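> Next comes the sequence, and after it the predicted model I'd like to discuss.
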Amino acid sequence: AASDVYKRQDMSQSITSADEATISKIRETIAMRKVSKFILLFSMGSQFDKLIVQTLDKLGVSTVIADPARIDAEAVKKIAPTGIILSGGPASVQNEPPPFDEKIFDLGIPTLGICLGFQMIAHHLGVPVESGHKREFGVHMFIQTFESDLFRGIPKESPVLQSHGDKILPTDKLEILGTTDNAPVCAGHKGHLWGVQFHPEVTDSKYGMQMYDNFCKIICGITDRFPAEDVAAKKIAEIREMINGKNVIIALSGGSDSSVVAYLFKKATEGINTRIRGVYIRGIDRPDDEANVLKYFGNQPWIEVKIHDATNDFLAALKGYTMMHDKRVAMRGIYKKVLEAEIQNFGANYIAQGTLYTDLVESGHGIETGARRAQIKLHHNVNNEFSVPELLPLADCVKDSGRDIGRSIGCPEELLVRHPFPGPGLIVRIEGEVNAETLRVARAVDGIYIDELRKADLYHSVWQSGAVVTQSVHTNSKGDDAGVGYVIALWAVWSVNGFTAQFAELPYDFLRHVSKRMTNEVREVGAVVYRISDKPPATIEWG
């Protein structure tokens, strides 16, 4: 049977019971990986849950994901993990305690709490947890105050990524291991219980992987590690099993995600009778996206490309909407309508998309548990309920791991290193109502910005960039005339996988040059500004 990873919205199902079938499945998985010990991860709703699993995978440590609302202490005894990790989440032990059996903390199993998970441990120990007057979002300097196994081999001071509002207060009920500016207890320890008020699983936490390795190896005693598997080969084999003799539609955008999916299908269709059609939707795209799709996928024997111009449909659907969420919903309607028509026209049995785990998480999906999961934004490629099954080969990947798969199967590097571009296209880079004028301005300023980043050899030094047509207007004088024009907000970020990001410190001379080009060449532009916010707290895209 094909893997669940290709079924809509389903990548990493959590266990919800400790019955014989579940225990048998866990033992089978552990045996296949040739290890005897594993970590039980309670997913508390964090957007970084999958990164924890991927980090442990890289370390060769097997992980089983548990639903905190259904797996109690008695079930944990039956499952018998070597260690436990509690992820972060949007809830608060103050006013919205997440579902979890605190008796699990008393089982004596080494446990590591991340952010919310640490606050739950503190609350269980009787340590005060209160709302912080100064919340911590973004990268901060963590300072160790006490030597411990968790931070063995890690410098006394190191950068970490924090994203929390509540803070743990100092008390003699908890040994304090480290602090940051606004977190007097940023890491702590009590017996077999450990916790940190930051996210070691993100790349911004420089020594995060070492911390997880220390927890698994030194604290839990997990020394046997499973060998790395050929992820691309496994996906290709599972795709081939599903699509032999079938017709498949691929939603192509010209970006790295859908391109990697296309190349997975290219490999999967070798030697079998399968027809592939790539559908590119024109209308809210970047200036060079269509040309890029035709360059790499046009006139190829394994795929036929169809361009569908939906410009007028998008503008009609977006008319009257000013809020980003409403615009995303309107865009999704046209997106689904176009692809559904192509499904019927082509007689497709499946539709494939470049949906990432990041997309699922930000849309409020991801690992299914009883813990609350926040919806950050609605993505166009999530939960569309097409008339045929969706194939999502990258639904268990983040941006960098998806690109790694692409490289391993020969996807052209130019496709992989293109800046990410949102599925809703330029509409999320236009504040207020989208109309023909604002769409034309957005496309023009985007073209100038990307062109100058390439000319200045800065394009590949930043992870993503954009130019936003804001609703603000600025008085300007051009020649002897005066008027008002749109304020264009430029932004660029450094990132690895899109879960976190830091604003890119672009040279002032470069920004000045871009501003001059935009105000001189695009009549409707009145002024240009640059955004200097990180993620978190801001998202990468404007909306």
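Yep, it's here.
> When you work out contacts or count neighbours from here on, use the C-alpha atoms and nothing else.
Will do.
> show me where pLDDT drops low in the stretch 251-400 of the chain?
Within the stretch 251-400 of the chain, the segments meeting pLDDT under 70 span 358-384.
> mind listing the strands for it?
Here the stretch 251-400 of the chain has its strands, by DSSP state E, counting those that start in this stretch, at 275-282, 304-309, 350-352, 390-391.
> same thing with the stretch 101-250 of the chain?
111-114, 129-144, 157-168, 175-179, 187-190, 193-196, 247-252.
> can you map out the helices along the stretch 301-450 of the chain?
311-318, 324-346, 357-362, 399-408, 413-416, 436-455 (DSSP state H, counting those that start in this stretch).
> and among the ones you listed, the most buried is which?
Sort these by mean neighbour count, taking mean count of other CA atoms under 10 Å, and helix 357-362 sits at the top with a mean of 24.
> circling back to that earlier point, adding distance to residue 531 as columns, could you present the strands of the stretch 101-250 of the chain in JSON lines?
Formatted as JSON lines, the strands of the stretch 101-250 of the chain follow (distance: least, CA to CA, whole Å):
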{"stretch": "strand 111-114", "distance to residue 531": "30"}
{"stretch": "strand 129-144", "distance to residue 531": "15"}
{"stretch": "strand 157-168", "distance to residue 531": "20"}
{"stretch": "strand 175-179", "distance to residue 531": "29"}
{"stretch": "strand 187-190", "distance to residue 531": "32"}
{"stretch": "strand 193-196", "distance to residue 531": "30"}
{"stretch": "strand 247-252", "distance to residue 531": "30"}
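> Need the ones you listed in CSV (columns: distance to residue 262 and mean neighbour count).
Converted to CSV, those look like this (distance: least, CA to CA, whole Å; neighbours: other CA atoms under 10 Å):
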stretch, distance to residue 262, mean neighbour count
strand 111-114, 36, 27
strand 129-144, 35, 18
strand 157-168, 34, 21
strand 175-179, 46, 21
strand 187-190, 44, 22
strand 193-196, 40, 24
strand 247-252, 7, 24
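> which stretches of the protein have low pLDDT?
Ranges of the chain meeting pLDDT under 70: 1-13, 132-137, 164, 228-229, 358-384, 478-481, 497.
> ranking the strands of the stretch 251-400 of the chain by burial, who's on top?
strand 390-391 (a mean of 24).
> List the pairing partners of it within its sheet, with orientation.
Here strand 390-391 has these sheet partners by DSSP bridges: strand 350-352 (parallel).
> How far does the partner strand sit from its chain's centre?
Distance of strand 350-352 from its chain centroid, counting by CA atoms, centre = their mean, to the nearest Å, is 21 Å.
> so what does whichever helix or strand residue 512 is part of touch, helix or strand wise?
Using DSSP states H and E, residue 512 maps to helix 508-521. Secondary-structure packing of helix 508-521 (3 or more CA pairs under 8 Å, 6 or more residues apart in numbering; DSSP states H and E): helix 436-455, strand 525-530.
> one more time with 10 Å
helix 436-455, strand 464-478, strand 481-494, strand 525-530 (3 or more CA pairs under 10 Å, 6 or more residues apart in numbering; DSSP states H and E).
> The ones you listed: which one's closest to residue 171?
strand 481-494 (38.0 Å; CA to CA).
> got the buried residues for the closest one?
484, 485, 486, 487, 488, 489, 490, 491, 492, 493, 494 (16 or more other CA atoms under 10 Å).
> In contact with the fifth one, which residues?
Residue 488 sits next to 429-430, 441-442, 445, 466-474, 515, 518-519, 525-530 when contact means CA atoms under 10 Å, 6 or more residues apart in numbering.
> Please repeat the previous calculation with a cut-off of 6 Å.
468, 469, 470, 528 (CA atoms under 6 Å, 6 or more residues apart in numbering).
> And the second one, by the same measure?
Contacts of residue 485 were listed using CA under 6 Å, 6+ apart, and they are 473, 474, 524, 525, 526.
> The last one and residue 471 touch, don't they?
Read it as residue 526. No - if you go by CA atoms under 6 Å, residue 526 and residue 471 don't touch, sitting 11.6 Å apart.
> Compare the two and say which one has the larger neighbour count.
The neighbour comparison of residue 526 against residue 471 (other CA atoms under 10 Å) goes to residue 526, with 23 against 15.
> what residues are up against that one?
474, 476, 484, 485, 486, 487.
> which non-adjacent residue is nearest the last one?
This means residue 487. residue 527 (4.8 Å; CA to CA, 6 or more residues apart in numbering).
> can you list contacts of stretch 110-123?
Contacts of stretch 110-123 (CA under 6 Å, 6+ apart): 83-89, 192-198.
> how about a cut-off of 8 Å?
Outside of stretch 110-123, the residues within contact range by CA atoms under 8 Å, 6 or more residues apart in numbering are 44, 82-93, 105, 128-129, 163-164, 167-168, 174, 192-199, 215, 219-220.
> what's the answer for stretch 506-514, then?
448, 449, 452, 456, 492.
> quick one: buried residues of it?
Here stretch 506-514 shows 506, 511, 514 as buried, counting by 16+ other CA under 10 Å.
> distance of residue 463 from residue 400?
11 Å (CA to CA, to the nearest Å).
> Show me whatever sits in contact with both of those two.
Common neighbours of residue 463 and residue 400 (CA under 8 Å, 6+ apart) are residue 496.
> which residues touch residue 109?
81, 82, 83, 84, 192 are the contacts of residue 109 under CA under 8 Å, 6+ apart.
> The first one and residue 36 touch, don't they?
Translated: residue 81. No - between residue 81 and residue 36 there is no contact under CA atoms under 8 Å: 9.9 Å.
> Residue 540 is nearest to which of the helices and strands packed on helix 508-521?
strand 481-494 (7.5 Å).
> now for the helix or strand that comes right after the closest one, which elements pack on it?
Scanning forward in sequence from strand 481-494 by DSSP H and E, the next helix or strand is strand 502-503. If you count contacts as 3+ CA pairs under 8 Å, 6+ apart, strand 502-503 packs onto strand 481-494.
> so how far is the strand it packs on from its chain's centroid?
28 Å.
> okay, now the nearest residue to residue 410 once chain neighbours are set aside: neighbour count?
The shortest distance from residue 410 to any residue other than its chain neighbours is 7.8 Å, reached at residue 263 (CA to CA, 6+ apart). Look at residue 263: counted by other CA under 10 Å, it has 20 neighbours.
> mind listing what residue 263 touches?
Per CA under 8 Å, 6+ apart, neighbours of residue 263: 406, 409, 410, 411.
> Go through these and say which is closest to residue 283.
residue 411 (25.8 Å).
> thinking again about what came up before, from the contacts of residue 526, which single one is nearest residue 16?
Among the contacts of residue 526, and counting by CA to CA, the member closest to residue 16 is residue 487, at 51.0 Å.
> Now do the same contact list for the closest one.
469, 470, 471, 472, 473, 474, 525, 526, 527, 528, 529.
> how close does residue 63 get to residue 505?
38 Å.
> In terms of neighbours, single out the busier of these two.
residue 63 (23 against 12).
> part of a strand, is that one?
Yes - with DSSP: H, G, I helix; E, B strand; the rest coil as the criterion, residue 63 is located in a strand.
> and residue 81 and residue 36? which has more neighbours close in?
Between residue 81 and residue 36, residue 81 has the larger neighbour count (other CA under 10 Å), namely 19 against 16.
> Distance of that one relative to residue 53?
For residue 81 relative to residue 53 (CA to CA), the value is 15 Å.
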